[in-house]
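In: need the 3D shape of this:
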Amino acid sequence: MPDQKIPEQEPGRKHSFIREKVVRPPMSRGQIVRRVAVYLLIAVMAGAAAGAGFAVARPLAERYLAPEETEESIPITLPIEEPETQPQPTEPEDTQEPSEPTEAVKDILKDAMEDYEYSVDDVNAMFSSLRSVVQEADRSIVVVHSVKQETDWFDNPVETSGLYAGAVIASTPHDFLIFTPDHAVEDADSIKVTFSDGTEADGTVRQSDQAAGMAVVAVDKSLLSDTARNNTQALTLGNAYGIRQGDLMIALGAPSGIVHSSAYGFVSYILRVAQVPDGVARVLYADIGSSAQAGTFLFNLSGELVGWVTEAFQSESGGCSVPAFTVSDYRTKLEKMSNGVAVPYVGIKVQDVTETMTSAGMPAGVYASECILDGPAYNAGIQNGDIVVRIGDKEIVSVKDYQTQVENLTVGRDVTIVVLRKGIDEYRELEYQVTVGAR
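Out: Down below sits the predicted model:
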C-alpha cells in the first residue's frame with residue numbers, strides 16, 4: 001500500500017476543537033434548605049469549639065501572663081497622719097483639792113503595796129505580755145545579707161558579707177517589702193534575705209534613701225517556702241504622734257548588734273522640730289540599747305512599728321539616750337520607695353520665718369539655714385540665708401509648704417526656685433533653675 005502523504009499544517013492556522021459548557025441544573029428548594037442547615041450547623045459547632053477553647057485557655061493565660069501586669073499596676077499606699085497642733089496634756093487639768101475618799105483610797109493602796117512581798121512570778125507576769133509582743137513582731141524581722149565580691153592584696157577573690165536587720169513593712173501579691181539600713185545594700189553585689197523559718201531568698205533593691213540612711217528591699221514570694229510565706233506578716237505602722245515622754249518602747253531588729261535581739265527602754269525626750277534635708281522631722285530619744293548601723297526598730301506596746309534608730313542627732317554630751325526617726329514623718333517618702341520611686345532631693349535645711357524675724361525686716365517665706373554641700377540647690381547657686389518664696393508655681397510661706405512641694409517634684413527634672421537675698425539696703429529677688437536630685 002503506498003504511503004499516503006499527510007498534508008502539512010499551514011503556518012498560523014488554528015484547529016477547532018469541540019467545546020462544551022457544563023450547566024448545573026438549578027437547586028431545588030429542598031436542597032437549598034438542607035445546604036443552609038448544614039452551614040448553620042457548622043457555624044454553631046465552630047462557635048462552640050471556640051468558646052470551649054477560650055474557657056480552657058483563659059485560666060492558664062491569667063495564671064501565667066496576667067499576674068505581673070496586675071501586680072505592677074497596684075501601687076502601695078500608706079495613710080498619712082497629721083501631727084497634733086499642740087501637745088496634749090499628760091494629766092487632766094484639775095485645780096481642786098482631792099476629796100477625802102480619794103485620799104483614803106490612796107492610803108489603802110499605799111499600805112497594801114508596802115506590805116505586799118513581790119516574787120519572781122510577779123515580775124514574770126508583768127513582762128509576759130511584753131514577751132508576747134516581742135515574739136509576735138519578731139516573726140516579721142528578717143536578716144539581710146550584704147554580699148560583696150572583693151580581692152585581697154594577692155588578687156585572690158574574697159567574698160565579704162554583712163548581716164543587718166530588716167522589717168517587713170508591706171506584702172503584695174508578688175513580693176515582701178523590707179525596710180532595712182542603707183548599709184545593707186550600699187555597694188552590694190548581691191543581697192540575701194533570711195526569714196524566721198530559715199528560708200533564704202534573693203533580694204533586690206526597690207529604692208534607697210541615703211539622707212535617712214534606709215532602703216527598701218523586695219523579695220519574690222515564689223522563692224520562699226510555704227511556711228515562710230504563711231508565717232511572715234507585714235508589720236503595722238503605728239502613729240508616732242501619740243508617743244509621749246516617759247512611754248515604754250520595745251527595740252527589735254539588732255539592738256545588741258545581733259539580728260533577732262530585743263531591748264526595752266523609755267522615751268526620755270522628744271525633739272518635735274528637727275531640721276533635716278528639705279523639711280523637719282520629729283526625733284525620739286530613748287534610753288534603750290541599740291545599733292543604728294545593724295538596724296534597730298522601735299515598737300509601741302501594741303507591736304506597731306513607730307520608728308528606727310538613726311546615726312544622726314547623736315548627743316555630743318555622751319548621754320545614754322539614742323535618737324530615732326518616726327515613721328509618721330516618713331510615710332510619704334516610704335510610700336515612694338516601696339513603689340520604686342526615688343525620693344526627690346533639693347538639699348536645703350529650712351526653718352519658718354517667725355514673727356520676731358519678720359518684725360526685724362525679714363520677708364515672708366522659709367529661711368535657708370543650710371544649703372547642703374554639693375546638693376542640687378547648692379550647685380545651682382542658692383546660698384545660706386536666702387529666703388525661699390516660690391518653688392515652681394507654688395508660693396512658699398511655711399516649712400510645711402516647702403516640704404510638700406519638694407515631695408511632689410520629679411527626680412531629674414528642672415524646677416524654678418525663687419529666693420530673696422539680702423543686699424546692702426534691701427532684699428533682691430533671684431531665680432534659679434535647680435535639677436531635682438535623689439536622696
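In: and the chain, what are its domain boundaries?
Out: Split into domains by automatic domain parsing, the chain comes to 141-231, 240-338, 344-438.
In: stretch 370-385: end-to-end distance?
Out: Using C-alpha to C-alpha, to the nearest Å, one end of stretch 370-385 lies 8 Å from the other.
In: compare the domains of the chain and give me the one nearest Thr77.
Out: Comparing these against Thr77 with C-beta to C-beta, the closest turns out to be domain 240-338 (6.4 Å). Heads up, the C-betas are built off the backbone N, CA and C, glycines and all.
In: how far off centre is that closest one?
Out: 18 Å (C-alpha atoms, centre = their mean, to the nearest Å).
In: what about that domain, how long is it end to end?
Out: End-to-end distance for domain 240-338: 20 Å, by C-alpha to C-alpha.
In: what's the mean pLDDT across it?
Out: Domain 240-338 carries an average pLDDT of 92.
In: stretch 123-141 now?
Out: The model assigns stretch 123-141 a mean pLDDT of 88.
In: is it true that Asp138 touches Val259?
Out: No - here Asp138 does not reach Val259: they are 9.8 Å apart, not a contact under C-beta atoms under 8 Å.
In: more neighbours: the two, which one.
Out: Neighbour count, other C-beta atoms under 10 Å: between Asp138 and Val259, Val259 has more, with 22 against 17.
In: residues contacting that one?
Out: 141, 143, 163-165, 253, 294-295 (C-beta atoms under 8 Å, 6 or more residues apart in numbering).
In: one more time with 6 Å, if that's ok
Out: 143, 163, 165 (C-beta atoms under 6 Å, 6 or more residues apart in numbering).
In: what pLDDT does the second one get?
Out: Predicted confidence (pLDDT) for Leu163: 93.
In: which parts of stretch 142-154 are buried?
Out: 142-146 (16 or more other C-beta atoms under 10 Å).
In: go on, stretch 363-380?
Out: 365-368, 370-372, 375-378, 380.
In: tell me the one of those nearest Ser328?
Out: Nearest to Ser328 among these: Val366, at 21.5 Å, using C-beta to C-beta.
In: how far away is the residue lying closest to the closest one once chain neighbours are set aside from Val434?
Out: Of all residues beyond its chain neighbours, the one nearest Val366 is Val350 (4.3 Å), with distances taken as C-beta to C-beta, 6 or more residues apart in numbering. The gap separating Val350 from Val434 is 14 Å, by C-beta to C-beta, to the nearest Å.
In: residues in contact with the helix or strand encompassing Thr404: which ones?
Out: Per DSSP states H and E: Thr404 is located in helix 399-407. With contact meaning C-beta under 6 Å, 6+ apart, helix 399-407 is reached by 278-280, 332, 344, 346, 350, 352, 366, 391, 394, 396.
In: now with 10 Å, please.
Out: 273, 275-281, 329, 332-333, 335-336, 343-348, 350-353, 365-368, 388, 390-396, 398, 415, 417, 436 (C-beta atoms under 10 Å, 6 or more residues apart in numbering).
In: so which of the residues you listed are in helices?
Out: The members of the contacts of helix 399-407 that map onto helices under DSSP state H are 329, 332-333, 335-336.
In: what sits against the most centrally placed residue in the chain?
Out: Computing the C-alpha centroid of the chain and ranking residues by C-alpha atoms, centre = their mean puts Ser338 first, at 2.6 Å. By C-beta under 10 Å, 6+ apart, the contact list for Ser338 reads 75-78, 169-170, 172, 175, 177, 179, 206-207, 216, 218.
In: that one - nearest residue in space that isn't next to it in sequence?
Out: Ile76 (4.4 Å).
In: could you check how far the nearest residue to Val322 once chain neighbours are set aside is from Ala211?
Out: Among residues not flanking Val322 along the chain, Ser290 sits closest, at 4.7 Å (C-beta to C-beta, 6+ apart). From Ser290 across to Ala211, the span is 20 Å (C-beta to C-beta).
In: and the nearest residue to Ser268 once chain neighbours are set aside, its phi and psi?
Out: Excluding the flanking residues, the one nearest Ser268 by C-beta to C-beta, 6+ apart is Ser321, at 4.7 Å. Torsion angles at Ser321 (phi, psi; degrees, to the nearest 10) stand at phi -70, psi 140.
In: touching, Ser321 and Ala286? I think so.
Out: Yes - Ser321 is within contact range of Ala286, at 6.2 Å (criterion: C-beta atoms under 10 Å).
In: now the common contact residues for those two.
Out: Taking C-beta under 10 Å, 6+ apart as the criterion, Ser321 and Ala286 both touch 265-269.
In: what's near enough to touch Thr151?
Out: Counting by C-beta under 10 Å, 6+ apart, the residues that Thr151 touches are 157-158.
In: helices along the chain, start to end?
Out: 29-64, 66-73, 100-115, 120-138, 226-231, 327-338, 355-359, 376-380, 399-407.
In: could you tell me the least trusted of these?
Out: Going by mean pLDDT, the lowest-scoring of the helices of the chain is helix 66-73, which has a mean of 45.
In: how far off centre is the helix holding Thr404?
Out: Helix 399-407 has its C-alpha centroid displaced from the chain centroid by 19 Å (C-alpha atoms, centre = their mean).
In: buried ones in it, by neighbour count?
Out: Quick answer for helix 399-407 (16+ other C-beta under 10 Å): 399, 401-403, 405-406.
In: how about stretch 128-140?
Out: For stretch 128-140, the buried set under the neighbour-count rule, 16+ other C-beta under 10 Å, comprises 133-134, 137-138, 140.
In: again with stretch 273-280
Out: By 16+ other C-beta under 10 Å, the buried positions in stretch 273-280 come out as 274-280.
In: farthest pair in those residues?
Out: Taking C-beta to C-beta as the measure, these span a maximum distance of 12.9 Å, between Ala274 and Asp278.
In: and for these two, which residues touch both?
Out: Counting by C-beta under 10 Å, 6+ apart, the residues touching both Ala274 and Asp278 are Lys349.
In: any idea how far Asp202 is from Asp401?
Out: For Asp202 relative to Asp401 (C-beta to C-beta), the value is 42 Å.
In: next one: Trp308
Out: Noted for Trp308: a distance of 27 Å to Asp401, by C-beta to C-beta.
In: try Pro277
Out: For Pro277, the distance to Asp401 (C-beta to C-beta) stands at 16 Å.
In: then Asp278?
Out: Taking C-beta to C-beta, one finds Asp278 at 12 Å from Asp401.
In: same question for Phe299.
Out: For Phe299, the distance to Asp401 (C-beta to C-beta) stands at 33 Å.
In: quick one: the strands in the stretch 251-400 of the chain?
Out: 261-276, 279-287, 296-299, 305-309, 322-326, 344-345, 348-352, 366-371, 387-391, 394-395 (DSSP state E, counting those that start in this stretch).
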